[in-house]
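> Any chance you can model this:
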Amino acid sequence: MLAWICDRLRDLDVRGSWLIFQFPQEEACRNRGALTRLVEGLRQIKCRIALTRCGTLDASQELLQQLPIDFLLFAQDFAQGLAEDKAKQTDLIAFARLGQECKVKIIVTGVEDPRALTVLWSAGVD
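The predicted structure follows:
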């Protein structure tokens, strides 16, 4: 797969640093060995890596420690009810700290409530 990606980049005159490859958290957990090898190769050609549909701290923390990830994107429904849900806020703060420790940008999409935006900013989410 990596050789094919390199060939396509060369054919199209595209640099790896222009690309971000996204892998869903649940798939990353299921295929950890193969993904680790692929991510290592993608990093060698300067591609960036995102772990998507995150929402469980244990699985994400484990993956962040094993894979050189640049971005961690929450599942889109995570932002719903964030301003009122203390458990989500606690998880968010833990994710933000973990992201800072691992030098990973934490991204939350689907934010429709301005109060949730305040929670995100105060937690240190990117």
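> Please make it C-alpha for all contacts and neighbour counts, starting now.
Noted.
> Which other helices and strands does the longest helix anywhere in the chain contact?
Taking DSSP state H as the criterion, the chain has its longest helix at helix 86-102. With contacts defined as 3 or more CA pairs under 8 Å, 6 or more residues apart in numbering; DSSP states H and E, helix 86-102 has these neighbours: helix 57-66, strand 105-107, helix 114-123.
> Point to the residue nearest the middle of this protein.
Nearest to the mean C-alpha position of the chain, by CA atoms, centre = their mean, lies residue 72 at 1.9 Å.
> I'd guess that residue is in a strand, am I close?
Yes. According to DSSP: H, G, I helix; E, B strand; the rest coil, residue 72 belongs to a strand.
> Wait, it touches residue 54, no?
Yes. With contact defined as CA atoms under 8 Å, residue 72 counts as touching residue 54 (7.1 Å).
> what comes up buried for the worst-scoring helix or strand of the chain on mean pLDDT?
When the helices and strands of the chain are scored by mean pLDDT, DSSP states H and E, helix 57-66 comes last with a mean of 73. Residues of helix 57-66 classed as buried by neighbour count (16 or more other CA atoms under 10 Å): 60, 63-64.
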